[in-house]
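J.: Any chance you can model this:
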Amino acid sequence: MEQFARLLDALTYTRSRHGKLRLIADYLRATPDPARGWALAALTGRLELKAVQPSLLKALAAERVDPVLFALSHDFVGDMAETISLLWPDPPGERPPSPTLDDVVEQLSGLSRSAAPAVVAMLLDRLDAPGRYALIKLATGALRAGVSARLAKTGFAQAFDLDVEAVEEVWHGLSPPFAPLFAWGCGAAPPPTAGDVPIFRPFMLATPLEAPLDLADHVAEWKWDGIRVQVVHAGGQTRLFSRTGDDISASFPDVTLELPAALDGELLVRGEGQADGALASGSFNALQQRLGRKAPPARLIAERPAFVRVYDLLAHAGEDVRALPWTARRQRLEALLPRLDPERFELSPVVEARDWEELATLRAGARDAAIEGLMLKRRDAPYLAGRRAGLWFKWKRDALTADCVLMYAQRGHGKRSSLYSDFTFGCWAGDGQLLPVGKAYSGFTDAELAFLDKWVRSHTVNSFGPVREVEKSLVLEVAFDSIHASTRHKSGLAMRFPRISRIRSDKPAAEADTLAALLKLAS
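T.: All right, here's what the predicted structure looks like:
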């Protein structure tokens, strides 16, 4: 457990991707089974433990630490796990031996509610501060170390000189602690196979467009405003995978139908009416109402039925077709789609344009149709995993911006746990009220973050637990991809992908944008 705690600490404070990969690879090579398998599961979100509730941890801390000291420390540090790990007193006498990561996983996996307080306290007593921090993050399911699942798999591949795409191909057929995977990596066994199950195939990604292209060599498609998915059928099962390889089948049972193929497409929900015989898609905000629900109620499925607008064909009738050029895959896809349920699967159309100027004009009108922009693909390109230069390009629509007033701030996590880096901002209602329209924690430079943190501390007017209310005097220019009407927020609006693009210290708060102005941008 101590080695895993040191890995988490190092990952949290290492900013470079190469540095994180090196740390993961070194740990996986040096750590024996099954501990390294449990660590890999934790880093990729595959470690399923019975989560310990924060209320239990606070109650345990209250028994060992002065409550006033804990409250002040928590307010200053901003992270409960870090606060408890630093303040938890060492047991009298010599500290018992530190538990291994295997011990921790075994004890937390079978944890009952009645036994949880004693078991968690015992484990905390056996660990030092970094170990306690790692334990709490594992136990609460809040492991954050600046590492995506893809990065962790890449670290594994680099540790054993394997192709990360080959790892991805078998990943979803294996379970923690991944003994066959490590046996393959160490050369002790042949590559594992996923068996006759639906497997995730790494997505082909696009690079940003920098210059006009020859339309004779490239085809244009719309970039729809949903989430990229794969629908894969094998062995009598159908799975729906997100871009990160997460299985989201349970959230969308209405599209996990039997089909003789593996498809790449955009998951959307139905909007009002039909458009030229095509399924009309709802807003991303409507789709969000179904995302993350492992067992959506029948009423929600009926109100927001899902469908997939299909981009590409990856496999058909047991044949992997990714090596074929786009034109050949498209021909097969066009022949396949009429055989699928037209209420659930629809072919994404090719965008026809005589020249680049006409294509640019079509892109300019994309926002009105709730489209993110355009994709441009070489007609002779095979389907290759990852971002391959010169094959696929994305030409997104320009971002929208609004001048908003900073209202609330909260400390971040990890390396930002001592900085106010999560900002809620609002716009003016017709009656002069300032109502929240979004929350952002990105878009600013380190220097701008330092300015915002200092500004929040010196302009706080009220506190609500970890949240600080500030003077309504600082204007932020906020960029966002789209904005939608929403009944979930008092303002009636919800932004998609908001980020702070500029600090407008020069602009009076009274001149910030109004809700009426934002409503005109809503799609």
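J.: got a list of what Ser505 touches?
T.: Contact criterion C-beta atoms under 8 Å, 6 or more residues apart in numbering gives 474-475 as the residues in contact with Ser505. Where you see a C-beta, it was placed from the backbone N, CA and C, and this is true even at glycine.
J.: run the last query once more with 10 Å
T.: With contact set as C-beta atoms under 10 Å, 6 or more residues apart in numbering, Ser505 has these partners: 451, 455, 473-476.
J.: For it, grab phi and psi.
T.: The phi and psi torsions at Ser505 (degrees, to the nearest 10) take the values phi -60, psi -20.
J.: what's downstream of the longest strand seen in the chain, the next helix or strand?
T.: Ranked by residue count, the top strand of the chain under DSSP state E comes out as strand 261-275. Once the chain leaves strand 261-275, the next helix or strand it forms, by DSSP states H and E, is strand 278-281.
J.: Quick check: neighbours of that following strand in the sheet, parallel or antiparallel?
T.: Each strand that pairs with strand 278-281, with its direction, by DSSP bridges: strand 261-275 (antiparallel).
J.: So which bits of the strand it pairs with are buried?
T.: Residues of strand 261-275 classed as buried: 261-270 (neighbour count, 16 or more other C-beta atoms under 10 Å).
J.: how distant is the helix-or-strand element of the chain with minimal mean pLDDT from the center of its chain?
T.: For the chain, using mean pLDDT, DSSP states H and E, the weakest element among its helices and strands is strand 278-281, scoring a mean of 71. Remark: strand 278-281 is offset 26 Å from the chain centroid, using C-alpha atoms, centre = their mean, to the nearest Å.
J.: Could you list the buried residues of it?
T.: Within strand 278-281, the residues that qualify as buried are 279, 281, counting by 16+ other C-beta under 10 Å.
J.: With neighbour count added, can I get the contacts of Ser505 in JSON lines?
T.: Formatted as JSON lines, the contacts of Ser505 follow (neighbours: other C-beta atoms under 10 Å):
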{"residue": "Phe451", "neighbour count": "15"}
{"residue": "Trp455", "neighbour count": "19"}
{"residue": "Ser473", "neighbour count": "13"}
{"residue": "Leu474", "neighbour count": "23"}
{"residue": "Val475", "neighbour count": "23"}
{"residue": "Leu476", "neighbour count": "25"}
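J.: Next step: these restricted to helices.
T.: Those of those mapping onto helices are 451, 455, per DSSP state H.
J.: Packing partners of the host helix or strand of Leu314?
T.: In the assignment (DSSP H and E), Leu314 maps to strand 306-316. Strand 306-316 is packed against strand 204-205, strand 218-224, strand 227-234, strand 261-275, strand 278-281, helix 326-336, strand 345-347, strand 371-378, with contacts defined by 3 or more C-beta pairs under 10 Å, 6 or more residues apart in numbering; DSSP states H and E.
J.: got the domain boundaries for the chain?
T.: The domain map for the chain lists 2-140, 204-396, 400-519, with the assignment taken from automatic domain parsing.
J.: and the ones you listed as a markdown table, adding distance to Asp163?
T.: Written out in a markdown table, the entries for these read as follows (distance: least, C-beta to C-beta, whole Å):
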| stretch | distance to Asp163 |
| --- | --- |
| domain 2-140 | 14 |
| domain 204-396 | 9 |
| domain 400-519 | 30 |
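J.: quick one, which of those domains is nearest to Lys153?
T.: With distances scored as C-beta to C-beta, the stretch of those nearest to Lys153 is domain 2-140 (6.5 Å).
J.: Can you give the distance of the closest one from its chain's centre?
T.: On C-alpha atoms, centre = their mean, the centre of domain 2-140 falls 23 Å from that of its chain.
J.: want to throw the contacts of Ser505 into TSV with pLDDT?
T.: TSV is the format used below for the contacts of Ser505 (pLDDT from 0 to 100):
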residue	pLDDT
Phe451	93
Trp455	94
Ser473	93
Leu474	94
Val475	94
Leu476	94
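J.: Quick check: end-to-end length of stretch 122-134?
T.: Distance between the two ends of stretch 122-134: 15 Å, counting by C-alpha to C-alpha, to the nearest Å.
J.: buried residues in that stretch?
T.: Burial within stretch 122-134, assessed by neighbour count using 16+ other C-beta under 10 Å, is assigned to 123-124, 126-127, 129-134.
J.: go on, stretch 68-76?
T.: Residues of stretch 68-76 classed as buried under the neighbour-count rule (16+ other C-beta under 10 Å) are 70, 73-74.
J.: where does the stretch 351-500 of the chain have low pLDDT?
T.: 367-370, 414 (pLDDT under 70).
J.: partner residues bridging the nearest residue to Pro208 once chain neighbours are set aside?
T.: Once its chain neighbours are removed from consideration, Pro208 has its nearest residue in Lys394; the separation is 6.1 Å (C-beta to C-beta, 6 or more residues apart in numbering). Each beta-bridge partner of Lys394 is listed here, defined by DSSP bridges: Pro208, Met375.
J.: mind listing what Lys394 touches?
T.: With contact set as C-beta under 10 Å, 6+ apart, Lys394 has these partners: 205-209, 223, 372-376.
J.: Repeat that for Ser281.
T.: Taking C-beta under 10 Å, 6+ apart as the criterion, Ser281 is in contact with 224-226, 266-271, 275, 287, 307, 309, 346, 369-371.
J.: can you check Gly292 too?
T.: 248, 251.
J.: Now name the helix or strand holding it.
T.: Applying DSSP H and E as the criterion places Gly292 outside every helix and strand.
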